[in-house]
Structure formats: C-alpha cells, structure tokens
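Enquirer: How does the following fold in three dimensions:
(one chain, ligands or ions: 1)
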Amino acid sequence: MKPVVDFERFKPDIRYAYDLKPVLRQPDELKDNFPAYFMYRDAYLTGEDWEKIKEAGLRYDYTITPPAVIGDEYIKTYGHYHPKAGKLSFPEVYQVIEGKALFIIQKRSNEDDQIEDVVAVEVEEGEIIIVPPEYGHVMVNRTDRRLVTSNWVCRNFSSIYEPYTNLRGACYYLTRLGWVKNTNYAAVPELRFARPNQILDVSGDMYDLVNEIEVLEFLADPDGYEDMFKKALKFD
Ligand SMILES: O=P(O)(O)OC[C@H]1O[C@](O)(CO)[C@@H](O)[C@@H]1O
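Expert: This is a model prediction of the structure:
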C-alpha cells in the first residue's frame, strides 16, 4: 500500500539494536550494532492537516522495521505501556502499510504486576489493529521483508518502558524455534491468538482519517468506548 505522506522527508528517530539489549532474549548474541527501526514521528501532509491533528491532541507516525534476527529472536520494538487517560489508559491504532506485523500485547493486573492476559495478533498489509487500553505492546517483524507501519496516538503522554526493561521484554519471545516464555515473569498465562477486527472504516492509508478526525476521539479520551475496545480483536 502506498503511504499518503512522503514521510521520509521527516527526520527519523532511530532505535539501534544496542538500545534493545535490555529487552532481548539473548543480548550476548548481539555482536554488531545496526539500526533496528526508524520512527518518523508527527508526520503530516499539509500544514493545515498538522494544525487539525494537534488540535485533536493526536500524532501520526510511520515506522520502518527492516528484517533482522538477534540470536534466534525476530526483530521487535522495545515495548511499552501507556499511562491512564482517565479510568482507562490511552489506546493506540496501528496500520500495516507494507509487510506483515505480529503484535504481542499484554495486560497487567492493577493490584500487582502480574500479567492477566497476553495475545499474539497477526496484522496483514492494509489491516488496522486497535491496541486496547491497559495493554502494553511489542511489534515484531518475523518476515524477510521490511515492515512499514503507521499509528495514530494521543500526543500528550510519555510511554512507560520500565516494566519491559525490568523483566527483559514481553512475557513471550517470538523466535525462529517458535514461542518461548520469558522466565523473568513470576507467572505467564497461556498465549492467546487473535486477528484484528476492522472497526475503522478506511480504504488505503488510515492517514485519511484526518478528514474525519472526530472518529479518533477515543484515542485522547477512551473512557466510554469500552464496547468498541471489547470488539477490537477476534479470537481463533
Ligand atoms: O517506543 P517503542 O516501544 O520503541 O515502540 C516504537 C513505536 O511506538 C510509537 O512510538 C508509538 O507508540 C511508534 O512511533 C513506534 O512505532
């Protein structure tokens, strides 16, 4: 799919392989540093769009993740949670522009840091996934092609990385040998598998939602959208 924005005109933030060491299954297998993924944050087509996006409290990003394997683990993003917006934490919406993504999303219980749910979600080119509130997310490129994704997200918060750093990544790793439990977690639920329900009505790059940006209100103000979040995933 062709991205609407020629995003490579923006300067990317680059996450290098060495930056990922704290969350890798086999950090000692990483010998050479390389750019792991390129984040083109706050992309827009026109200045008018940009004003509209900022006024809605949102941000549109593109991310390029070239194929790579470290040790036996497929390349992935660092992983993070989002803070509370109100009763619920901020959700996020991703679209696969090129390639195929595997999202590992996991939910912590509020009382302690136990994981109460973990889901692997395969997302194909053109598809959109709503990462529901309370779920942290890691995005994996398990293919031999580059992965290009975009995301709409609230622009007014900072992501929370410590839980992923402290426990060396998500509670499962995706490796060439398959799924491996992360033993740094005290307890890990069985992994569930799902596909994303296509709730948002778009054809092509979801950047076009800039023209009906009120549809994305749930990203800045998620309370009251629980029913929609419940439908975000369909389970096998
Ligand atoms: O912050 P992490 O875990 O490295 O993940 C990067 C991804 O998160 C985002 O910052 C949006 O949450 C994207 O720009 C990027 O794809």
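
Enquirer: Kindly report the residues of this protein close to the ligand.
Expert: Residues of the chain lying close to the ligand by Cβ under 6 Å from any ligand atom are 15, 39, 41, 61, 63, 77-80, 92, 151, 153, 159. Placement of C-beta: from N, CA and C, glycine included.

Enquirer: residue farthest from the centroid of this protein?
Expert: Largest separation from the mean C-alpha position in the chain: Glu48, at 26.8 Å (Cα atoms, centre = their mean).

Enquirer: Show me the helices in the protein, by range?
Expert: In the chain, the helices defined using DSSP state H lie at 47-55, 162-166, 217-220, 226-230.

Enquirer: Highest mean neighbour count across those, which stretch is it?
Expert: helix 217-220 (a mean of 19; mean count of other Cβ atoms under 10 Å).

Enquirer: what is the rounded mean pLDDT of that helix?
Expert: For helix 217-220, mean pLDDT rounds to 98.

Enquirer: got it, and stretch 3-11?
Expert: Averaged over stretch 3-11, pLDDT sits at 94.

Enquirer: Where does pLDDT dip in this structure?
Expert: Residues of the chain meeting the criterion pLDDT under 70: 110-112.

Enquirer: What about Pro196, how many residues nearby?
Expert: Residues near Pro196, counting by other Cβ atoms under 10 Å, number 22.

Enquirer: mind listing what the residue lying closest to Ala101 once chain neighbours are set aside touches?
Expert: Spatial nearest neighbour of Ala101, excluding adjacent residues (Cβ to Cβ, 6 or more residues apart in numbering): Val123 at 4.6 Å. Shown in contact with Val123 (Cβ atoms under 8 Å, 6 or more residues apart in numbering): 94, 96, 100-103, 129, 195-196.

Enquirer: swap in Phe103?
Expert: 94, 120-121, 123, 129, 131, 137-140.

Enquirer: what about Asp72, how many neighbours?
Expert: Residues lying near Asp72 (other Cβ under 10 Å) number 15.

Enquirer: does it really touch Thr175, like I thought?
Expert: Yes. Taking Cβ atoms under 8 Å as the definition, Asp72 is a contact partner of Thr175 at 4.3 Å.

Enquirer: which residues are common contacts for the two?
Expert: Arg25.

Enquirer: Without its sequence neighbours, what residue ends up closest to Glu217?
Expert: That would be Ala56: by Cβ to Cβ, 6+ apart, it lies 7.7 Å from Glu217.
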